[in-house]
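>>> With the sequence up front, the predicted model follows.
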Amino acid sequence: MVEIDLPSERELRESRCIELSSRFGRAQWYSLIEDGGCGDRWGWCMAEHGRLQRYYEHDWYQDDDDRNFDNFGAPHPAEAGLRYHDVRQWLSDNGFNGNEWHSYTRDARVRVENAEPTPWGAPRPLDDRSLWRQFQQVTGIPDLATPLNVAAKASIDPAGFGPHTRVQVTAYSRSPSAACARAITARSPSMRNGSIPSP
């Protein structure tokens, strides 16, 4: 009996990106799994002209010291200015109290709850995104290196897709169980660095 070692998920992703980049010039894979439990993880793989440039996968289930960081290659330029650790870790590493974000949000809510009504009505609390942007201005904390943030800087901003999106690019998608790839055409004003895959 001959035993055959099957390729790992990482090897399959890398080889597929390499294969597609040989054909189209550039290929990228992104994964974002957030189920609120022990399965939270994300990653990306980038290849250009048949060569693997970057592979990064992060398992958020573990503490920072024990987390599974699986990566190859130097950070892609799209990762510049993003952070890889959670808020507490970044704050602690940069001279702040690790609980500063929690205190900041609590204090903001208390200020709104205790504010006097104005002729325009009661003050409303800031939405989480606005509060986060204010906190970033105070602390300098960068956004987290998520697949969505990296994709937005590397090629296409997934958050930019919507009813306004016009479609015009040819990309290939293949599910692991599908026998053949299918072509998808898309163009969006939110695309960066041209179309995907690039010729």
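Structure received. Residues are numbered from 1 along each chain as shown.
>>> does the closest residue to residue 75 other than its chain neighbours sit in a helix, a strand or a coil?
The spatial neighbour of residue 75 that comes closest, neighbours along the chain excluded (CB to CB, 6 or more residues apart in numbering), is residue 54 at 7.1 Å. C-betas here are computed from N, CA, C, even on glycine. Under the three-state scheme (DSSP: H, G, I helix; E, B strand; the rest coil), the conformation of residue 54 reads as strand.
>>> quick one: residue 54 and residue 47, what's the gap?
Computed with CB to CB, to the nearest Å, the distance linking residue 54 and residue 47 is 8 Å.
>>> The two: which is more packed in?
Set residue 54 next to residue 47 and count neighbours by other CB atoms under 10 Å: residue 47 wins out with 27 against 22.
>>> residues contacting that one?
Residues in contact with residue 47 (CB atoms under 8 Å, 6 or more residues apart in numbering) are 14, 17-18, 20-21, 26-28, 53.
>>> Look up which residues are beta-bridged to it.
With beta bridges defined as DSSP bridges, residue 47 has these partners: residue 27, residue 52.
>>> And residue 94, how far from residue 132?
Noted for residue 94: a distance of 16 Å to residue 132, by CB to CB.
>>> Near residue 77, how many other residues are there?
Neighbouring residues of residue 77 were enumerated by other CB under 10 Å; the total is 10.
>>> Need phi/psi at it.
Reported as degrees, to the nearest 10, the phi and psi values for residue 77 are phi -50, psi -30.
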